[in-house]
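Participant: Here's my sequence, what's the structure:
(chains A and B)
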Amino acid sequence: MSKEITSRQQDYSQWYNDLVIKGNLADYSAVRGCMVIKPYGFSLWEKMQAQLDRMFKDTGHENAYFPLFVPKSLFEAEEKNAEGFAKECAVVTHYRLISDPSAKGRLMVDPEAKLEEELIIRPTSEAIIWNTYKNWIQSYRDLPLLINQWANVVRWEMRTRLFLRTAEFLWQEGHTAHATGEEAVKEAELMLDIYAEFAEKYMALPVIRGVKTESERFAGAIDTYCIEALMQDGKALQAGTSHFLGQNFARAFDVKFSDKDNKLDYVWATSWGVSTRLVGALVMAHSDDDGLIMPPKIAPIQVVIVPIYKGNDKKDLLDGKGQELASQLKSRGISVKFDQNDNARPGWKFAEYELKGVPLRIAMGLRDIESGTVEVVRRDTREKMVMSLEGLTEKIITLLDNIQENIYQKALTYRDSRITKADNWAEFVRLLDEKGGFISAHWDGTPETEQTIQEKTKATIRCIPLNNPLEEGNCIFSGKPSQQRVLFARAY
RNA sequence: CGGGGCGUAGCGUAGCCCGGUUAUCGCGCCUGCUUUGGGAGCAGGAGGUCGCCAGUUCGAAUCUGGCCGCCCCGACCA
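Facilitator: Numbering: from 1, shown residues only, chains lettered A, B, ... in the order given. From the prediction side, this is the model:
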């Protein structure tokens, strides 16, 4: 093993870093807290983007692009939103550099080139977008306005982790305007459903849909909906959010419309987003101590073909056969890599594609050519199968579906085994420490209790699940009456 | 910003306590030959501001002071 991966048991954080770095997803960069997304990692993101974008368009949304910079006066217009993000904003104050007279070859900020108004680098785009929507919306006929943008944002985090939390990250943010509150709530719920469907069907990542408590709510929102996933170390990870913003931003930016009776009212808003954090979620949810495990529907390479030959004369024969198989699979929409690299031995390639999480590997050697077979190996179960070339494409398609399903079921079984009810404080604390995962417990509904629990245990309320069954009980901490259980967990 | 660890070739490292020729080893890289069914072998070769700056010294990777950067854990957060 030339690329040693730290085991999960030994050091979970280091295991994660090893997979991201050695699996060629990303690199550290010269900028603190910012990463370089490498081609293999970026193609993962592109796969996610492509599917999500399709789903957004299928539900009537259009893409647009708004500026990276937000004038401070606009940024501060919606007070709660501004307050919430203020402490993590990067700010542009000058627009020019000049040669430093006291240090040859160095540059300095030109003190003469101070901006009259500072520009905030967007931590999110509500401000600039709602300032624009004001000009786009006059009548109910302009509604609903359903816009999405793919963009980068910057949040100056104290501590960063590859993909999970970086100072700059890529995401999509949807921003919609509606004539009624009910319609806006429906939109927020619809987008949450789309996120959940995407996570489960494509990323093979089971998620819980829920509503955030007041303290975890998006700054400026009335309600924040979320999908919560569980990682292999028992910590929860918020994988996507969707917000019902009420009329808060419409009021702040004076966005009114005339209804059919010519009465003026503020429009109703939503916003929703998922980010490159999903790449981190994918890595942490499925992978093992030998490397990444990619669900076929998101995998940049679904099938790799490795030729095995002795001597250059046989290489041509195998190249031909390999190309033939590759184009067969490609014609059915499977993404295939035929690895003809002559510098690496087959054993090296096997290990490398396992590290990279390619779902299926096909090895093809002289013995196979004689018998009309190939060796097929699944990454998820490591099962080795000798298969006839006849009808192979169909079998590969079925196998990819099986792998997708198996990865999902495995994650689901794990997740479900770690949703545990707790009915007293001692048990609650013990479960958090010994088992992890989601703890389903009663809560008295007050932010004070929520905060005290967090201070004592580092667990937060991840969400109140949608369609949560009502149940009489007593708060796990205060003992006060409660009507429903909520989900607690330690989280990323 | 606190606590811990680290910085020597693209990567991983030895040397540092106790200063002394040309800075160690492995992987990778280049050339050639042999190889190829689980991270190939042999031979030859290239590659270094020892994180940066100052100091001590005849002499510093090694000692002293300052600074910078990264990783892990915590506080903040998607």
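
Participant: Pull the number of nearby residues for the closest residue to residue A:258 other than its chain neighbours.
Facilitator: Leaving aside its sequence neighbours, residue A:258 sits nearest to residue A:139 (Cβ to Cβ, 6 or more residues apart in numbering; 5.2 Å). Using the backbone N, CA and C atoms, a C-beta is placed for each residue, glycine as well. Per other Cβ atoms under 10 Å, the neighbour tally for residue A:139 reads 12.

Participant: surely residue A:139 meets residue A:261?
Facilitator: No - using Cβ atoms under 8 Å, residue A:139 is not in contact with residue A:261, being 11.8 Å away.

Participant: now the residue nearest to residue A:258: how far from RNA strand B?
Facilitator: Distance, residue A:139 to RNA strand B, using Cβ to the nearest atom of the strand, to the nearest Å: 34 Å.

Participant: need the residues of the stretch 101-250 of chain A near RNA strand B, please.
Facilitator: Contacts of the stretch 101-250 of chain A with RNA strand B, taken as Cβ under 7 Å from any atom of the strand, map to A:155, A:157-161, A:164-167, A:169, A:216, A:218, A:238, A:241.

Participant: Residue A:448: which of those residues is nearest?
Facilitator: Within these, the smallest distance to residue A:448 is 14.7 Å, found for residue A:216 (Cβ to Cβ).

Participant: other SSEs contacting the lowest-mean-pLDDT helix or strand in chain A?
Facilitator: Every helix and strand of chain A was ranked by mean pLDDT, DSSP states H and E. The lowest is strand A:107-109, at a mean of 82. For strand A:107-109, the packing partners by 3 or more Cβ pairs under 8 Å, 6 or more residues apart in numbering; DSSP states H and E come out as strand A:97-99.

Participant: Name the next helix or strand downstream of the strand or helix carrying residue A:240, please.
Facilitator: Assigned by DSSP states H and E, residue A:240 belongs to strand A:236-246. For strand A:236-246, the following helix or strand on the C-terminal side (DSSP H and E) is helix A:248-253.

Participant: Which strands and helices lie in contact with that following helix?
Facilitator: Going by 3+ Cβ pairs under 8 Å, 6+ apart, helix A:248-253 lies up against helix A:79-86, helix A:126-136, strand A:268-275.

Participant: Please enumerate the strands of the stretch 51-200 of chain A.
Facilitator: A:62-63, A:69-71, A:91-94, A:97-99, A:107-109, A:114-121, A:145-154, A:168-178 (DSSP state E, counting those that start in this stretch).

Participant: Which strands border the first one, and is each parallel or antiparallel?
Facilitator: Applying DSSP bridges to the sheet, strand A:62-63 is found paired with strand A:145-154 (parallel).

Participant: Between strand A:268-275 and the partner strand, find me the angle.
Facilitator: Inter-element angle recorded for strand A:145-154 and strand A:268-275: 40 degrees (by axes from the mean of the first three to the mean of the last three Cα atoms, to 10 degrees).

Participant: Strand A:145-154: which residues count as buried?
Facilitator: Neighbour counts over strand A:145-154 (16 or more other Cβ atoms under 10 Å) mark A:145-149, A:151, A:153-154 as buried.

Participant: elements contacting the helix or strand encompassing residue A:306?
Facilitator: Assigned by DSSP H and E, residue A:306 belongs to strand A:303-307. The helices and strands touching strand A:303-307, judged by 3+ Cβ pairs under 8 Å, 6+ apart, are helix A:312-330, strand A:336-338, helix A:346-355, strand A:360-364.

Participant: tell me the most buried of these?
Facilitator: Each of the helices and strands packed on strand A:303-307 was scored by mean neighbour count; the highest is strand A:360-364, a mean of 22, by mean count of other Cβ atoms under 10 Å.

Participant: per-residue confidence at residue A:435?
Facilitator: On the pLDDT scale, residue A:435 is placed at 91.

Participant: Next up, the contacts around it.
Facilitator: By Cβ atoms under 8 Å, 6 or more residues apart in numbering, the contact list for residue A:435 reads A:234, A:418, A:420.

Participant: so can I have a markdown table of those showing secondary structure and pLDDT?
Facilitator: Formatted as a markdown table, those follow (DSSP: H, G, I helix; E, B strand; the rest coil; pLDDT from 0 to 100):
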| residue | secondary structure | pLDDT |
| --- | --- | --- |
| A:234 | coil | 93 |
| A:418 | coil | 95 |
| A:420 | strand | 96 |
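
Participant: of all those, which comes closest to RNA strand B?
Facilitator: Within the contacts of residue A:435, the smallest distance to RNA strand B is 12.7 Å, found for residue A:234 (Cβ to the nearest atom of the strand).

Participant: which element is the closest residue to that closest one other than its chain neighbours on?
Facilitator: Using Cβ to Cβ, 6+ apart and skipping the chain neighbours, the partner closest in space to residue A:234 is residue A:436 (2.2 Å). Of the helices and strands defined by DSSP H and E, none includes residue A:436.

Participant: next one: the one 5 residues further on
Facilitator: Applying DSSP H and E as the criterion places residue A:441 in strand A:438-442.

Participant: Would you indicate which residues of the helix or strand hosting residue A:227 are buried?
Facilitator: Here residue A:227 sits within strand A:223-230, counting by DSSP H and E. For strand A:223-230, burial by neighbour count (16+ other Cβ under 10 Å) applies to A:223-230.

Participant: Near residue A:415, how many residues? Count them for me, please.
Facilitator: As a measure of burial, residue A:415 has 21 neighbours, counting by other Cβ under 10 Å.

Participant: Please report how far it lies from RNA strand B.
Facilitator: 18 Å.

Participant: these two touch, right, that residue and residue A:200?
Facilitator: No - contact between residue A:415 and residue A:200 fails when scored by Cβ under 8 Å: they sit 10.9 Å apart.

Participant: which residues do these two both contact?
Facilitator: Residues touching both residue A:415 and residue A:200 (Cβ under 8 Å, 6+ apart) are residue A:206.

Participant: Please look at residue A:199 and residue A:227 and confirm they touch.
Facilitator: Yes - counting by Cβ under 8 Å, residue A:199 does reach residue A:227; the two are 5.9 Å apart.

Participant: Give me the common contacts of these two.
Facilitator: The contact sets of residue A:199 and residue A:227 overlap at A:207, A:239-240 (Cβ under 8 Å, 6+ apart).

Participant: could I get those residues as a markdown table with neighbour count, distance to residue A:75 and pLDDT?
Facilitator: Shown next, in a markdown table, are those (neighbours: other Cβ atoms under 10 Å; distance: Cβ to Cβ, whole Å; pLDDT from 0 to 100):
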| residue | neighbour count | distance to residue A:75 | pLDDT |
| --- | --- | --- | --- |
| A:207 | 25 | 32 | 97 |
| A:239 | 25 | 27 | 96 |
| A:240 | 27 | 24 | 96 |
